[in-house]
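Engineer: Give the three-dimensional model of this entry:
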Amino acid sequence: MTAIEERRLKTLLKDAVTEVLVERQDILRAAVQESLEDAAMLRAIQSAEKSRPVSRAKIFQRLARAA
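Structural biologist: Take a look at the predicted model:
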């Protein structure tokens with residue numbers, strides 16, 4: 001592939017991605033939301049790995065009190 005072809009392909013790809021993001025903002029919004037949820041889940045898992053274990057019964061007691 002020549003340098004000119006590569007530049008043309010890069011330009012076409014940028015234009016296509018820009019058009020999709022402008023016309024379908026819901027796609028970008030969903031991707032960002034998913035990324036934030038994944039990051040939050042990772043932090044929760046890491047936090048749980050550092051804490052001491054809790055019995056199943058204690059968890060359900062807390063849930064029952066919160067309801």
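Engineer: quick one: contacts of the lowest-mean-pLDDT helix or strand in the chain?
Structural biologist: Using mean pLDDT, DSSP states H and E, helix 3-23 stands out as the lowest-scoring helix or strand of the chain, at a mean of 92. Outside helix 3-23, the residues that touch it by Cβ atoms under 8 Å, 6 or more residues apart in numbering are 1, 27-28. From N, CA and C alone the C-beta is placed, and that goes for glycine too.
Engineer: TSV for the residues you listed, including neighbour count and distance to Glu37?
Structural biologist: Listed next are those as TSV, based on neighbours: other Cβ atoms under 10 Å; distance: Cβ to Cβ, whole Å:
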residue	neighbour count	distance to Glu37
Met1	7	39
Ile27	11	16
Leu28	12	15
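Engineer: Now, those residues that are in strands?
Structural biologist: The strands, defined by DSSP state E, take in nothing from these.
Engineer: middle-most residue in this structure, spatially?
Structural biologist: Ser35 (1.1 Å; Cα atoms, centre = their mean).
Engineer: From Ala39, how far out is Gln46?
Structural biologist: Distance of Gln46 to Ala39, computed by Cβ to Cβ, to the nearest Å: 11 Å.
Engineer: Measure how buried Gln25 is and give me the count.
Structural biologist: 10 (other Cβ atoms under 10 Å).
Engineer: and what of Leu13?
Structural biologist: Neighbours of Leu13 (other Cβ under 10 Å): 10.
Engineer: name the element Arg65 belongs to?
Structural biologist: According to DSSP states H and E, Arg65 maps onto helix 56-66.
Engineer: who does that helix touch, helix- and strand-wise?
Structural biologist: Packed against helix 56-66 by the contact rule (3 or more Cβ pairs under 8 Å, 6 or more residues apart in numbering; DSSP states H and E) you find no helix or strand.
Engineer: Perfect, that will be all.
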